[in-house]
Every structure is written in C-alpha cells, then in structure tokens.
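Engineer: Any chance you can model this:
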Amino acid sequence: MNHRRSSGKGGGMGGIAGADDSNSSSASSFLKSLKQLDAYAKPLDDFRVKTSTGAAVSIISYVLIAILLVSEFTDWRTVQVLPSLDVDKSRKDKMWINLNMTFPKVPCFLLSIDVMDVSGDHQNDVDHSIIKTRIDRNGNVIHAAPGVIGEKVDEKAVAQKDPNYCGSCYGGVPPENGCCNTCEDVRRAYTNKGWSFTKPDDVEQCVNEGWSEKMKEQATEGCNMSGHIEVNKVAGNFHFAPGKSFQQGGVHVHDLASYQAENSFDFSHTIHQLSFGKVTNFKNPLDGHTKFAEKGHYMYQYFVKVVSTKFKYLDGREVNTNQIAVTEHERDTTLPGAGLPGVFFNFDISPMLVTYNEYQKPFAHFLTDVCAIVGGIFTVAGILDSIIYTAEKNLKKKIELGKAS
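Structural biologist: Below is the predicted model:
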C-alpha cells in the first residue's frame, strides 16, 4: 500500500511538470509568431557600414526635420481666417457711419452735414451725434462744442439775466418752448420755415451775441468734425457743404446768403477715419486720405461700395460690420451747373455678405503632419544615402580594376 501511494505521488508531480513545459512551449511559439510581424528587422551591428557621406545626409536630415517641425508647430498655433461668400439676407437694418474729418480752411459755423437716401429719408444739418472742434491755421484746437454751428451759447446764462425772457422767432417756426432765446434758435426757426437767414444784424439775439463779428473772426479758422450718423441700409449719400440746409418745395437747399461773399469755400480736407458699421481692426481705404484744393469752389465726390461683413471668432463671438471699396472724382463748381462746393459721399449697398471664420488646425492634424515630415525626410534621405553609397562602391571597384577614367 505504501508502494502504491508513493507511485501515485510521483505520477502527480510528473503531470505538473508536463503542464509547465507545455505552457512554456506555447509562449515561446507565440513570441516566435509575433516576431514574424516585425516590419523593422534589425541587422547585426557587424553588418552595418557607417560612412562620412551617410553622416552628412543624416545631419542635413536632422536640420530639415527641426526646421519643418518648428514651422509646423507655428502653423498649428496660428489662428487662420477663412473667408466665405454668401447672399446678404438682412432686412430693415440701420447702419452707423463713423467719421473723423478735418477741414483746415472751412470754419465750423459754415459747415453742415446732411444725409439722404433712396427711401426718401432726409436728415438736414445733423448735429446730435457730431462734435465740431474749431482749429486755427496751424491745426491747434481752439474750442470744442457738440452739435452747434459756431460757438455754443449757454441758454441757462441767458435765462438767468431775465427769467421771463422769451425771444422772438421773427416769423420762423418756433421750438417746443415757443421762444428763440439765442441767435442759433432764430436761425433754426428760419430754416424750419424754409427761409434764408440773410440779416443777422436785424435780429436782437444775434446782435447781443455779436454774431456778425464772430463770423468775421472765425473766417480764417478750420474745423474738425467727428462722431457718427445713423442711416438706413440702402443706397444714399451724405455730404459736407457750406451753409444751413433745409427742404424747400421738395428740393434740398443750402442757405449761403448770410455768409461773406468773398469766402472761397476751400474744401481741402483730411479723412482721419471713415467706416461703415462697427469699428474693427482693419484699415479702411480712406483712412488717412488727404485732398488739397488748388483753388476754392471744388466739389469732391467719393463713390463708396459697402459690403456687409461678419467675423466669427473661435470663442463663439460674432461681429457684424462692413467693408468698403472707393472711387473718387472732383470738379470745379465755378462752371455753370457744376453744383455745390463740398465733400460728397455716395454709398451703395452690395447684396453680398463676406464671412470671416477663425480656424485653428486640430491637434490630430498636427500629429499627422509631424509624422509625415519625419517619415518623409528619413525615407528620402535613406534613398539618397543608398544611391551615394552604391555609386561610391562602384567607383572604388572600377578604380581597383583600373577602369576609372
């Protein structure tokens, strides 16, 4: 019985050893099969031949790889702007026109800005969003007052002199309070009535303010006009011209009767800024544009094509604005029927919408390009090194055989 138990124990250990050998053989067979899939078989070091030309090709390859990798990284980090073109489907929109212009030879009391468009909308002598700044011949600021031709009169100071004072409008259309307490109020009342303001010296308010004397004092000054105007997004024009403007019998009229006859109306000008819509970083064609007239009474015309533009940023923001294209023309208004001296901007709206989308290359594209650069250069370098090495071997054989020329 003891013999049988001993024999049984030995048989069990033999079975375990056989199982271990079988598992080891299976693992070894799997590794051998896996090695067959190795696409990068390694030659023995004894069979590798290193040459100076191979070293040169390798160094050049490393340098090219480094340069291209830096370039690719820069390109990956750079935000690109991709344009696209579509039909502008916006309707009933308003548009801001931002402007900043200097007229070195036209005084502020003489300048007015008017807007009109094909829809029949007229804005005469826009002043609520325009700041006029008086400047001398050297371009130095004299005075700044928002929205008033000439100097701004303090109506509170006038009222303090006589709280019950109510000036006459001399037959013009009175303001809401029914009183024309300043010379400017009388001028507006005349304009609203469609009358020319020809005799300021016959108006009590103008005499008290010294209006005629101030016009003579300011006759040699210039004017800077800055601010914005709001227009319908349809074809139209806005212009800077001399004199108060008003509508008379459906005709747009500028009143020049009260100004000095010897005024040359020299509309030399500098456009510091002119943009349509929200101000953005890109430079508009007329920014910094200057025109000097050889003589007075010249009309400058700018024909502006307005193209709707949208910017879409990576952070999800969208900015709607406009770009412009400009052509210009000028002519002497002393010729019969030539028109009114001044600066005229005729704008038209393009039916197209240009969209600029910010785009940054995905990281997966960056990795793909890096692999293509490294693999491509090493492949080409290997082919080049092989050609050089083969050529050297053949040349050495010919030399040894005495066949080299």
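Engineer: Could you check the pLDDT of the residue nearest to T327 when sequence neighbours are not counted?
Structural biologist: Among residues not flanking T327 along the chain, F303 sits closest, at 4.9 Å (C-beta to C-beta, 6 or more residues apart in numbering). Every C-beta, even on glycine, is put in place using the N, C-alpha and C of the backbone. pLDDT for F303: 96.
Engineer: Which residue ranges of the stretch 101-250 of the chain form helices?
Structural biologist: Ranges of helices within the stretch 101-250 of the chain are 155-161, 183-193, 204-209, 211-217, based on DSSP state H, counting those that start in this stretch.
Engineer: Of those, which shows the lowest average pLDDT?
Structural biologist: helix 155-161 (a mean of 50).
Engineer: contacting residues for the residue most central in space within the chain?
Structural biologist: For the chain, the residue nearest the mean C-alpha position is F282 (2.6 Å; C-alpha atoms, centre = their mean). When contacts are counted by C-beta atoms under 8 Å, 6 or more residues apart in numbering, F282 touches Q323.
Engineer: any idea how far G296 is from it?
Structural biologist: 35 Å (C-beta to C-beta, to the nearest Å).
Engineer: Ok, which of the helices of the stretch 101-250 of the chain comes nearest T355?
Structural biologist: helix 183-193 (43.9 Å; C-beta to C-beta).
Engineer: and the closest one, what does it pack onto?
Structural biologist: Judged by 3 or more C-beta pairs under 8 Å, 6 or more residues apart in numbering; DSSP states H and E, helix 183-193 is in contact with helix 204-209, strand 244-248.
Engineer: I figured Y165 hits N181, correct?
Structural biologist: Yes. Between Y165 and N181 there is a contact at 6.5 Å, judged by C-beta atoms under 8 Å.
Engineer: Neighbour count for those two, which is higher?
Structural biologist: N181 (21 against 11; other C-beta atoms under 10 Å).
Engineer: Tabulate the CA atom coordinates of stretch 317-333 in CSV.
Structural biologist: Presented in CSV, the C-alpha positions along stretch 317-333 are these (Å, rounded to 0.1, in the frame of the first residue of the first chain):
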residue,chain,number,x,y,z
ARG,A,317,-18.4,85.8,-30.7
GLU,A,318,-19.8,87.3,-33.9
VAL,A,319,-19.2,90.9,-35.1
ASN,A,320,-21.3,92.4,-37.9
THR,A,321,-19.7,95.3,-39.7
ASN,A,322,-18.9,96.4,-43.3
GLN,A,323,-16.0,96.8,-45.7
ILE,A,324,-15.8,99.5,-48.3
ALA,A,325,-14.4,100.0,-51.8
VAL,A,326,-14.0,103.6,-53.1
THR,A,327,-13.5,105.5,-56.3
GLU,A,328,-13.3,109.3,-56.3
HIS,A,329,-13.9,112.3,-58.6
GLU,A,330,-13.5,116.0,-58.3
ARG,A,331,-14.6,119.0,-60.3
ASP,A,332,-14.6,122.8,-60.4
THR,A,333,-18.0,124.2,-59.3
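Engineer: Which residues belonging to that stretch are considered buried?
Structural biologist: Buried residues in stretch 317-333, counting neighbours by 16 or more other C-beta atoms under 10 Å, are found at T321, N322, Q323, I324, T333.
Engineer: just these now: which is nearest V57?
Structural biologist: Q323 (50.7 Å).
Engineer: Next SSE downstream of the helix or strand harbouring the closest one?
Structural biologist: Following DSSP states H and E, one finds Q323 within strand 318-332. Counting by DSSP H and E, the next helix or strand C-terminal to strand 318-332 is strand 342-359.
Engineer: Relative to that next one, what are the paired strands and their orientations?
Structural biologist: Strand 342-359 pairs in its sheet with strand 80-87 (antiparallel), strand 236-242 (antiparallel), strand 298-312 (parallel), by DSSP bridges.
Engineer: any chance of these in JSON lines, with mean neighbour count too?
Structural biologist: Shown next, in JSON lines, are the strands paired with strand 342-359 (neighbours: other C-beta atoms under 10 Å):
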{"stretch": "strand 80-87", "mean neighbour count": "10"}
{"stretch": "strand 236-242", "mean neighbour count": "21"}
{"stretch": "strand 298-312", "mean neighbour count": "19"}
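Engineer: Nearest to D121, out of those strands?
Structural biologist: strand 236-242 (7.7 Å).
Engineer: average model confidence for the closest one?
Structural biologist: On average, strand 236-242 scores 90.
Engineer: And for stretch 346-365?
Structural biologist: For stretch 346-365, mean pLDDT is 92.
Engineer: To D75, which of the helices of the stretch 101-250 of the chain lies closest?
Structural biologist: So among the helices of the stretch 101-250 of the chain, helix 183-193 is nearest, using C-beta to C-beta, at 61.0 Å.
Engineer: Export the closest one to PDB, keeping only CA atoms.
Structural biologist: Extracted C-alpha coordinates of helix 183-193, given in PDB (Å, rounded to 0.1, in the frame of the first residue of the first chain):
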ATOM      1  CA  CYS A 183     -29.300 133.600 -32.500                       C
ATOM      2  CA  GLU A 184     -29.000 129.900 -33.300                       C
ATOM      3  CA  ASP A 185     -32.600 129.400 -32.300                       C
ATOM      4  CA  VAL A 186     -33.700 132.100 -34.700                       C
ATOM      5  CA  ARG A 187     -31.600 130.500 -37.500                       C
ATOM      6  CA  ARG A 188     -33.200 127.100 -36.900                       C
ATOM      7  CA  ALA A 189     -36.600 128.700 -36.900                       C
ATOM      8  CA  TYR A 190     -35.900 130.300 -40.300                       C
ATOM      9  CA  THR A 191     -34.500 127.000 -41.600                       C
ATOM     10  CA  ASN A 192     -37.600 125.100 -40.500                       C
ATOM     11  CA  LYS A 193     -39.700 127.700 -42.200                       C
END
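Engineer: Give me the distance between the longest helix seen in the chain and the centre of its chain.
Structural biologist: Longest helix in the chain by number of residues (criterion: DSSP state H): helix 363-401. Computed by C-alpha atoms, centre = their mean, to the nearest Å, the chain-centroid distance of helix 363-401 equals 48 Å.
Engineer: Would you tell me what helix or strand V279 is located in?
Structural biologist: Judged by DSSP H and E, V279 forms part of no helix or strand.
Engineer: What does it show for phi and psi?
Structural biologist: phi -70, psi 130 (degrees, to the nearest 10).
Engineer: Okay, buried residues for stretch 341-349 please.
Structural biologist: Applying 16+ other C-beta under 10 Å to stretch 341-349 flags P341, G342, V343, F344, F345, F347, I349 as buried.
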